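K.L.:
generate coordinates for the sequence data below:
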Amino acid sequence: MDPISVECPNCGASLPAQQPCGEYRCRYCGSGFRLEQAKKAQTQAGMMVDPHALAQAILAAQQQAQAQAQAQAQAQAYTPPPVFHPARPPKAHKAVGLIFFFALFLPLIIGGISAAVWVGGRGFDGLLGGGGLLNSEHLLWDDAGGVPQVVTVDGQSAVVGRTRAVGNEDHLYCGVYDSSGEQIWRTESLGSYSAGYQYTFCGAVGDAMIATDSQMRLQIFALATGERRKAFALSMFVDYLCVPRAPEHGNQAWFKQIDERSYLIDPATGELTESPRPDWCFASRHEAERALEGGGNWANANAKDANAPEIDRLKLEFVYQRGDKAVALGHPDPGLKVPTAVGYDPTSQRVLWQQTVPSVPIATVREADKYGVIAGDKFVTTYGAGQEDWYITALDLDTGKRIWETKLRPLFAVDWVQGLVASDTHAFLVRTSSLEIFDVRTGELTGTIGKETYD
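P.N.:
Reported below is the predicted structural model:
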């Protein structure tokens, strides 16, 4: 692959051309970032390259190579069983042989016919377009479609987001998944990844889900069932979809087209109203992603403000507040950048507790993006240690006492933690191309959306 030069998303400096890699360190401002976070990328010949698309292509190639290596290893390790050739039975026993054949295989034949009828009744979506069992669909969680959104379906925590079906012409889907990672429903294909990765978005508003696609369409579905309520033909591709992140933001979504025209949409009526960006909406999907990278829960995290306490030799970077509970997340300054959480009263700024986030020796903790979220009565956050280990841990919101800690399963290649959102019962952690779900009470992994390959 040709060397490329990337621009630092923090200071805008152009880094020297090199082979594309997973993570970069800016030699000018010292900030670390991933390839897909780069502001721009271009080849030595001056051709512009989309950093996110390039990162996804590299990841897909790594996954395909790993899958082929595993298949080859399995094939080499396989030893065919010996073949026996029984003697031909005497003619006198042909009738007995036929009776035995039908007794043994007739139930299997009937079961196969029944299964075919069942699949036909389901329109083959579960095996072909939906689950992809017959065409080896490899499902990835694709956060390029926006920040995962925690919702409630039938009284239970669920999540809305975009998935990518590798191996099925790389089709894109919007779907709803429960806290065990099982699909509740998903849309029909919204187009191929190459055609629609910049224009396909998912977002929930009230009891509806909105999805845009590569055909300049906007569709509204029932959040609980997937029933399509309305569909619109737009005048241009959608560049950004913004949904309310808190009750005070109202019940309308806002989207902007690539021609800069923007609209509010009421999912209950389907009414479109041309409108500038609301104050509660991030300026772009990239800004929303950066908020997730830095602050964790995009609904209640903000950059450090006047409400955060001042603590000597501690730099607080992000604050999380829910009601009368607040946590600030930062690191010692000067000193090793070890994640440190501080619980405080947001009204009086009185510090209630201070806790070093990692439980491992601080010398092994590596500098990484900080993610945190208030989930029920706990503060859940992540950290990296050693060369490749990741941990997710929960602190008591009142005392800072560690409730649980879980070491994440290693991925076979590039392993990034890219965001964290939560309900009161479950935490949803965005990894390289999957979404892992944890029980907030125990730290148990309850499900994974996206078929990653693990070491």
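
K.L.:
after the lowest-mean-pLDDT helix or strand in the chain, next one along is what?
P.N.:
In the chain, the helix or strand scored least confidently by mean pLDDT, DSSP states H and E is helix 94-121, which has a mean of 41. Using DSSP states H and E, the helix or strand that follows helix 94-121 in sequence is strand 138-141.

K.L.:
and the strands in the stretch 251-400 of the chain?
P.N.:
For the stretch 251-400 of the chain, the strands defined by DSSP state E, counting those that start in this stretch cover 253-257, 262-265, 272-274, 301-303, 314-322, 325-332, 340-344, 351-356, 365-366, 372-375, 378-385, 389-396.

K.L.:
mind putting these into CSV with mean pLDDT and distance to residue 443?
P.N.:
For the C-beta atoms, the positions are set from N, CA and C on the backbone; glycine is no exception. Compiled in CSV, the strands of the stretch 251-400 of the chain are given as follows (pLDDT from 0 to 100; distance: least, Cβ to Cβ, whole Å):
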stretch, mean pLDDT, distance to residue 443
strand 253-257, 96, 34
strand 262-265, 97, 39
strand 272-274, 95, 44
strand 301-303, 43, 21
strand 314-322, 88, 19
strand 325-332, 92, 18
strand 340-344, 96, 16
strand 351-356, 96, 16
strand 365-366, 94, 19
strand 372-375, 92, 11
strand 378-385, 95, 9
strand 389-396, 96, 6
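
K.L.:
who does the helix or strand that contains residue 421 pair up with?
P.N.:
In the assignment (DSSP H and E), residue 421 maps to strand 419-422. Strand 419-422 has the following strand partners under DSSP bridges: strand 426-430 (antiparallel).

K.L.:
what packs against the very next helix or strand once past the strand it pairs with?
P.N.:
Where DSSP H and E defines the elements, the next helix or strand beyond strand 426-430 is strand 435-439. Other elements packing on strand 435-439 under the criterion 3 or more Cβ pairs under 8 Å, 6 or more residues apart in numbering; DSSP states H and E are strand 156-166, strand 426-430, strand 445-449.

K.L.:
what about strand 435-439, average pLDDT?
P.N.:
Strand 435-439 comes out with an average pLDDT of 97.

K.L.:
okay, the angle between that strand and strand 426-430?
P.N.:
Computed with axes from the mean of the first three to the mean of the last three Cα atoms, to 10 degrees, the direction of strand 435-439 lies at 160 degrees from that of strand 426-430.

K.L.:
strand 435-439 pairs with which strands?
P.N.:
Going by DSSP bridges, the partners of strand 435-439 are strand 426-430 (antiparallel), strand 445-449 (antiparallel).

K.L.:
which of those strands sits most buried?
P.N.:
Comparing the strands paired with strand 435-439 by mean neighbour count (mean count of other Cβ atoms under 10 Å), strand 426-430 comes out on top with a mean of 27.

K.L.:
run the chain-centre distance for it.
P.N.:
Centroid displacement of strand 426-430 relative to its chain, using Cα atoms, centre = their mean, to the nearest Å, is 9 Å.

K.L.:
do stretch 45-52 as well
P.N.:
How far stretch 45-52 lies from its chain's middle: 24 Å, per Cα atoms, centre = their mean.

K.L.:
do the same with stretch 216-235
P.N.:
Put simply, stretch 216-235 sits 22 Å off its chain's centre (Cα atoms, centre = their mean).

K.L.:
mind listing what's buried along that stretch?
P.N.:
The neighbour-count check on stretch 216-235 (16 or more other Cβ atoms under 10 Å) flags 217-221, 223-224, 226, 234 as buried.

K.L.:
average pLDDT for the strand holding residue 421?
P.N.:
Averaging pLDDT along strand 419-422 gives 90.

K.L.:
could you dump it to CSV, C-alpha only?
P.N.:
Taking C-alpha atoms only, strand 419-422 is exported to CSV below (Å, rounded to 0.1, in the frame of the first residue of the first chain):
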residue,chain,number,x,y,z
GLY,A,419,-17.0,4.8,23.0
LEU,A,420,-19.2,4.0,26.0
VAL,A,421,-23.0,4.6,26.5
ALA,A,422,-25.3,3.1,29.1
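
K.L.:
closest to residue 381 out of the helices and strands packed on strand 435-439?
P.N.:
For residue 381, the closest of these is strand 426-430, at 9.7 Å, according to Cβ to Cβ.
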